[in-house]
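J.: what's the 3D shape of this:
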Amino acid sequence: AMTPVFTNSQSRDRSFERLYRAHVEDVYRYALLALRNPADAEDVAQTTFLKAYRAIRRGERPRHPRQWLTTIAHNVCRTRLRDASRRPREVALGDNLVAARQVPEDSIEPRELVRAMSALTLNQRAALVMRELEGRTYAEIAAVLDVSVSAVETLLFRARRALREQLEGALTCGEAERALSLQLDGRLSRADGGL
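T.: This next block holds a predicted model:
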(Lines give C-alpha, C1' and ligand atoms only; values in the text may rest on other atoms or scores of the structure.)
Protein backbone atom coordinates (compact mmCIF):
# COMPACT_ATOMS: atom_id res chain seq x y z
CA ALA A 1 0.00 0.00 0.00
CA MET A 2 3.08 2.22 -0.26
CA THR A 3 2.86 2.80 -4.04
CA PRO A 4 0.30 5.65 -4.20
CA VAL A 5 2.80 7.87 -2.36
CA PHE A 6 5.34 7.65 -5.19
CA THR A 7 4.72 10.73 -7.31
CA ASN A 8 7.99 12.58 -7.78
CA SER A 9 11.47 11.83 -9.08
CA GLN A 10 11.81 8.27 -10.36
CA SER A 11 15.40 7.77 -9.24
CA ARG A 12 14.53 8.82 -5.68
CA ASP A 13 11.60 6.42 -5.75
CA ARG A 14 13.79 3.61 -7.00
CA SER A 15 16.29 4.17 -4.22
CA PHE A 16 13.44 4.26 -1.70
CA GLU A 17 12.06 0.99 -3.08
CA ARG A 18 15.52 -0.57 -2.66
CA LEU A 19 15.61 0.71 0.93
CA TYR A 20 12.11 -0.71 1.52
CA ARG A 21 12.96 -4.14 0.11
CA ALA A 22 16.25 -4.34 1.99
CA HIS A 23 14.82 -3.42 5.40
CA VAL A 24 11.08 -4.10 5.53
CA GLU A 25 11.54 -7.51 7.20
CA ASP A 26 13.90 -6.08 9.85
CA VAL A 27 11.46 -3.28 10.65
CA TYR A 28 8.47 -5.66 10.76
CA ARG A 29 10.27 -8.15 13.02
CA TYR A 30 11.39 -5.36 15.33
CA ALA A 31 7.81 -4.03 15.61
CA LEU A 32 6.43 -7.55 16.08
CA LEU A 33 8.71 -8.24 19.01
CA ALA A 34 8.11 -4.79 20.49
CA LEU A 35 4.31 -4.89 20.21
CA ARG A 36 3.64 -8.67 20.10
CA ASN A 37 0.78 -8.22 17.62
CA PRO A 38 1.14 -8.97 13.87
CA ALA A 39 -1.53 -6.46 12.75
CA ASP A 40 0.05 -3.66 14.82
CA ALA A 41 3.51 -4.62 13.54
CA GLU A 42 2.31 -4.30 9.92
CA ASP A 43 0.86 -0.86 10.70
CA VAL A 44 4.12 0.21 12.32
CA ALA A 45 6.15 -0.99 9.33
CA GLN A 46 3.88 0.95 6.93
CA THR A 47 4.01 4.10 9.09
CA THR A 48 7.79 3.81 9.47
CA PHE A 49 8.38 3.65 5.72
CA LEU A 50 5.86 6.42 5.08
CA LYS A 51 7.79 8.66 7.50
CA ALA A 52 11.07 7.54 5.95
CA TYR A 53 9.79 8.34 2.45
CA ARG A 54 8.70 11.82 3.53
CA ALA A 55 12.09 12.43 5.14
CA ILE A 56 13.91 11.29 1.98
CA ARG A 57 11.67 13.58 -0.10
CA ARG A 58 12.73 16.43 2.18
CA GLY A 59 16.32 15.59 1.28
CA GLU A 60 17.39 13.48 4.26
CA ARG A 61 20.12 10.94 3.39
CA PRO A 62 20.70 8.50 6.29
CA ARG A 63 24.28 7.21 6.65
CA HIS A 64 23.10 4.05 8.47
CA PRO A 65 19.70 3.22 6.94
CA ARG A 66 18.85 0.24 9.17
CA GLN A 67 19.61 2.12 12.38
CA TRP A 68 17.72 5.15 11.06
CA LEU A 69 14.65 3.04 10.21
CA THR A 70 14.74 1.22 13.56
CA THR A 71 14.82 4.57 15.36
CA ILE A 72 11.73 5.69 13.42
CA ALA A 73 10.02 2.34 14.12
CA HIS A 74 10.87 2.55 17.82
CA ASN A 75 9.29 6.01 18.06
CA VAL A 76 6.19 4.82 16.19
CA CYS A 77 5.91 1.84 18.59
CA ARG A 78 6.31 4.13 21.59
CA THR A 79 3.53 6.42 20.34
CA ARG A 80 1.23 3.44 19.70
CA LEU A 81 1.87 1.99 23.16
CA ARG A 82 1.24 5.36 24.77
CA ASP A 83 -2.07 5.68 22.90
CA ALA A 84 -3.02 2.06 23.58
CA SER A 85 -2.37 2.43 27.30
CA ARG A 86 -5.34 4.83 27.39
CA ARG A 87 -7.65 1.99 26.30
CA PRO A 88 -7.15 -1.54 27.63
CA ARG A 89 -6.99 -4.21 24.94
CA GLU A 90 -6.09 -7.84 24.42
CA VAL A 91 -2.72 -8.86 23.04
CA ALA A 92 -3.03 -11.16 20.04
CA LEU A 93 -0.39 -13.86 19.65
CA GLY A 94 -0.09 -14.88 16.01
CA ASP A 95 1.77 -17.88 14.65
CA ASN A 96 3.97 -15.35 12.81
CA LEU A 97 5.69 -14.76 16.14
CA VAL A 98 7.04 -18.28 16.08
CA ALA A 99 8.51 -17.70 12.63
CA ALA A 100 9.90 -14.31 13.61
CA ARG A 101 12.22 -15.65 16.26
CA GLN A 102 14.85 -18.32 16.66
CA VAL A 103 14.41 -19.58 20.22
CA PRO A 104 17.76 -20.70 21.63
CA GLU A 105 16.44 -22.95 24.40
CA ASP A 106 14.51 -25.94 23.08
CA SER A 107 12.77 -26.29 26.43
CA ILE A 108 11.02 -22.92 26.14
CA GLU A 109 7.86 -22.60 24.10
CA PRO A 110 7.90 -19.59 21.73
CA ARG A 111 4.54 -18.50 23.20
CA GLU A 112 6.03 -18.71 26.68
CA LEU A 113 8.88 -16.48 25.57
CA VAL A 114 6.41 -14.00 24.05
CA ARG A 115 4.43 -13.94 27.30
CA ALA A 116 7.62 -13.43 29.30
CA MET A 117 8.70 -10.61 26.96
CA SER A 118 5.44 -8.79 27.66
CA ALA A 119 6.58 -8.30 31.27
CA LEU A 120 9.42 -6.07 30.02
CA THR A 121 9.22 -2.36 29.22
CA LEU A 122 9.36 -1.30 25.56
CA ASN A 123 12.97 -0.11 25.94
CA GLN A 124 13.98 -3.38 27.62
CA ARG A 125 12.34 -5.41 24.84
CA ALA A 126 13.89 -3.18 22.19
CA ALA A 127 17.39 -3.45 23.69
CA LEU A 128 17.06 -7.23 24.04
CA VAL A 129 15.83 -7.70 20.46
CA MET A 130 18.60 -5.52 19.02
CA ARG A 131 21.31 -7.18 21.10
CA GLU A 132 20.28 -10.85 21.11
CA LEU A 133 18.50 -11.22 17.78
CA GLU A 134 20.19 -8.59 15.64
CA GLY A 135 23.64 -8.67 17.27
CA ARG A 136 23.93 -4.88 17.45
CA THR A 137 26.61 -3.07 19.43
CA TYR A 138 25.80 -1.21 22.65
CA ALA A 139 26.59 2.06 20.85
CA GLU A 140 24.08 1.31 18.07
CA ILE A 141 21.38 0.43 20.60
CA ALA A 142 22.13 3.61 22.55
CA ALA A 143 21.74 5.66 19.35
CA VAL A 144 18.37 4.08 18.49
CA LEU A 145 16.94 4.42 22.00
CA ASP A 146 18.54 7.84 22.51
CA VAL A 147 20.16 6.85 25.82
CA SER A 148 23.74 6.44 27.06
CA VAL A 149 25.73 3.22 26.62
CA SER A 150 25.64 2.63 30.39
CA ALA A 151 21.83 3.00 30.28
CA VAL A 152 21.80 0.27 27.60
CA GLU A 153 23.89 -1.98 29.87
CA THR A 154 21.38 -1.42 32.69
CA LEU A 155 18.41 -2.04 30.37
CA LEU A 156 19.91 -5.32 29.14
CA PHE A 157 20.82 -6.44 32.64
CA ARG A 158 17.29 -5.77 33.94
CA ALA A 159 15.66 -7.22 30.82
CA ARG A 160 17.61 -10.47 31.06
CA ARG A 161 16.93 -10.77 34.78
CA ALA A 162 13.19 -10.09 34.35
CA LEU A 163 12.99 -12.51 31.42
CA ARG A 164 14.78 -15.21 33.40
CA GLU A 165 12.42 -14.73 36.36
CA GLN A 166 9.37 -14.88 34.08
CA LEU A 167 10.59 -18.01 32.31
CA GLU A 168 11.65 -19.74 35.52
CA GLY A 169 8.23 -18.95 36.97
CA ALA A 170 6.53 -20.38 33.89
CA LEU A 171 8.67 -23.53 33.95
CA THR A 172 8.10 -23.97 37.67
CA CYS A 173 4.32 -23.68 37.16
CA GLY A 174 4.51 -26.25 34.38
CA GLU A 175 6.60 -28.61 36.51
CA ALA A 176 4.22 -28.21 39.44
CA GLU A 177 1.25 -29.03 37.20
CA ARG A 178 3.01 -32.11 35.83
CA ALA A 179 3.96 -33.30 39.31
CA LEU A 180 0.38 -32.79 40.50
CA SER A 181 -1.12 -34.70 37.58
CA LEU A 182 1.36 -37.56 38.15
CA GLN A 183 0.39 -37.64 41.83
CA LEU A 184 -3.30 -37.79 40.91
CA ASP A 185 -2.61 -40.55 38.38
CA GLY A 186 -0.75 -42.50 41.06
CA ARG A 187 -3.54 -42.07 43.59
CA LEU A 188 -6.22 -43.13 41.07
CA SER A 189 -4.31 -46.26 40.01
CA ARG A 190 -3.84 -47.18 43.71
CA ALA A 191 -7.55 -46.67 44.31
CA ASP A 192 -8.35 -48.87 41.30
CA GLY A 193 -6.01 -51.54 42.60
CA GLY A 194 -7.69 -51.49 46.01
CA LEU A 195 -11.15 -52.13 44.57
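
J.: Just the helices from this structure, written as ranges.
T.: In the chain, the helices defined using DSSP state H lie at 10-35, 38-57, 65-84, 96-99, 110-117, 122-128, 138-145, 149-194.

J.: and the angle for the third one with helix 10-35?
T.: Going back to what we said before, that points to helix 65-84. Interaxial angle, helix 65-84 versus helix 10-35 (axes from the mean of the first three to the mean of the last three CA atoms, to 10 degrees): 50 degrees.

J.: Sort out which residues of helix 65-84 are buried, please.
T.: 66-77, 80 (16 or more other CB atoms under 10 Å). Heads up, the C-betas are built off the backbone N, CA and C, glycines and all.

J.: Same check on the fifth one?
T.: Within helix 110-117, the residues that qualify as buried are 110, 112, 113, 114, 115, 116, 117, counting by 16+ other CB under 10 Å.

J.: Number of residues surrounding residue 24?
T.: 16 (other CB atoms under 10 Å).

J.: so it makes contact with residue 46?
T.: No: with contact defined as CB atoms under 8 Å, residue 24 does not count as touching residue 46 (9.6 Å).

J.: Would you agree residue 112 is in contact with residue 170?
T.: Yes: counting by CB under 8 Å, residue 112 touches residue 170, with 5.1 Å between them.
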